[in-house]
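Undergrad: When you get a sec, could you give me coordinates for this:
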Amino acid sequence: MALFNLFSKNKKETLDKGLEKTKQSFVTKLARSVVGKSKVDADVLDNLEEILITSDVGVNTTLKIIEKIEARVARDKVLGVDELNSVLKEEICALLEENNAINNVDFSIPKHAEGPHVIMVVGVNGVGKTTTIGKLAHQFKSAGKSVVLGASDTFRAAAVDQLIIWADRVGVPIVQQGMGADPASVAFDALQSAKAQNADVVIIDTAGRLHNKVNLMNELSKVKRVMDKVIPNAPHEVLLVLDGSTGQNAYEQAKQFSIATQISALAITKLDGTAKGGVVIGISDQMKIPVKYIGVGEGIDDLQAFNKIEFVDSLFS
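TA: Presented below is the predicted three-dimensional model:
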């Protein structure tokens, strides 16, 4: 129990540190907006709206939050500025709850009678997709799961090479055919190999180019069809990786990929290097897709299962 508590404490400290830039920007602006005010009025709400938008929460999501706070002001008649932080925390948590945000307390995976749990990972080049796969494999292995990687991003030689390096680092097998190979063929072999090894989970990398083009849609559809032939209903998850430091551009990428394929979960990376952490709230709200993992550091353990309560707490702590 003590070891678990220590782990939880270290994880929360990493989260606090990873969101430091977002928190400093947000909290500092919020504090300035209420100087000389004793209650939440129209000026405070206007300032709050601007703060949320500039923190990359997004216009539509910001308006939802402001409307909820306006309703509380009208109901409670007088809302002191000293209560604004706690009210804002409550409304953001409630918004994440409404939009199917999930609280993952570990890296467990469901069992399937037909074979291993299959995760197909998508995202444009440069968002940290390969690194996320490597860290995800490490987390699963640390949780006692056997993992197989599939290098189906065959468009770039570097993508295959990077995944091989991660497989070696983590100590998990990888199935690859090199640059230029048919991505669906690699996925087929990876699932066959995982079944033969009685593995728990397979993580399939995919090409990160042309996220708004029809040929990527066709390629992803083909990969999914081939995997379904090996393991019925595979992939069980389609995980979209987004770079949190790109702010609203990440939201645009999410929209494009949701057109190309059915996304079931999001991983938002590089939150430690940006003040745009509010994008997590906006994307979850606008896309109605749960944020499952967040990247809050460069270390191998710094990919965390997303916990909405801890996330919001770290923004305001």
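Undergrad: State the phi and psi torsions of residue 149.
TA: When read as degrees, to the nearest 10, the backbone of residue 149 gives phi -100, psi 150.
Undergrad: Assign a three-state SS to residue 283, would you?
TA: For residue 283, the assignment made with DSSP: H, G, I helix; E, B strand; the rest coil gives helix.
Undergrad: my guess is it contacts residue 267, does it?
TA: No - taking CB atoms under 8 Å as the definition, residue 283 is not a contact partner of residue 267, at 11.1 Å. From N, CA and C alone the C-beta is placed, and that goes for glycine too.
Undergrad: who touches both of these two?
TA: Listed as contacting both residue 283 and residue 267 by CB atoms under 8 Å, 6 or more residues apart in numbering are 242, 291.
Undergrad: Compare neighbour counts for those two and give me the winner.
TA: More neighbours surround residue 283 than the other of residue 283 and residue 267, with 28 against 25 (other CB atoms under 10 Å).
Undergrad: how much space is there between that one and residue 264?
TA: 14 Å (CB to CB, to the nearest Å).
Undergrad: likewise residue 28?
TA: In terms of CB to CB, residue 28 sits 36 Å off from residue 264.
Undergrad: quick one: which of the two has more around it?
TA: residue 264 (16 against 11).
Undergrad: Got the phi and psi for the more buried one?
TA: The phi/psi pair for residue 264 (degrees, to the nearest 10) is phi -110, psi -20.
Undergrad: What separation do you get for it and residue 232?
TA: For residue 264, the distance to residue 232 - CB to CB - is 17 Å.
Undergrad: Kindly report the same for residue 250.
TA: In terms of CB to CB, residue 250 sits 33 Å off from residue 232.
Undergrad: In terms of neighbours, single out the busier of the two.
TA: residue 250 (28 against 11).
Undergrad: and that one, backbone torsions?
TA: phi -60, psi -40.
Undergrad: Could you do residue 291 as well?
TA: Given degrees, to the nearest 10, the pair of backbone angles that residue 291 has is phi -80, psi 120.
Undergrad: Then residue 111?
TA: Dihedral angles (degrees, to the nearest 10) for residue 111: phi -90, psi 140.
Undergrad: what's the burial count for it?
TA: Neighbour tally, residue 111, other CB under 10 Å: 8.
Undergrad: how far away is the closest residue to it other than its chain neighbours from residue 142?
TA: Spatial nearest neighbour of residue 111, chain neighbours left out: residue 117 (7.7 Å); criterion: CB to CB, 6 or more residues apart in numbering. Plainly put, residue 117 is 16 Å away from residue 142 if you go by CB to CB.
Undergrad: who's more crowded, these two?
TA: Neighbour count, other CB under 10 Å: between residue 117 and residue 142, residue 117 has more, with 23 against 12.
Undergrad: Please name the bridge partners of the more buried one.
TA: As for beta bridges, residue 117 partners with residue 201 under DSSP bridges.
Undergrad: per-residue pLDDT, it?
TA: pLDDT recorded at residue 117 is 97.
Undergrad: again, but for residue 189
TA: 98.
Undergrad: ok, now residue 212?
TA: Value for residue 212, per-residue pLDDT: 49.
Undergrad: just the one 4 residues further on next, same as before
TA: Taken from the predicted model, the pLDDT recorded for residue 216 is 74.
Undergrad: Do I have it right that residue 97 meets residue 308?
TA: Yes - between residue 97 and residue 308 a contact is recorded at 7.2 Å, counting by CB under 8 Å.
Undergrad: So if I had to pick from the two, which one is more boxed in?
TA: A count of neighbours by other CB under 10 Å puts residue 308 above the other of residue 97 and residue 308, at 22 against 13.
Undergrad: any idea of the pLDDT on that one?
TA: 87.
Undergrad: again with residue 283
TA: Residue 283 is given a pLDDT of 90.
Undergrad: Contacts only, for the most centrally placed residue in the chain.
TA: Centroid-nearest residue in the chain, with CA atoms, centre = their mean: residue 267, separated by 2.0 Å. Residues near residue 267 by CB under 8 Å, 6+ apart: 132, 136, 239, 240, 241, 242, 291, 292, 293, 294, 295, 303.
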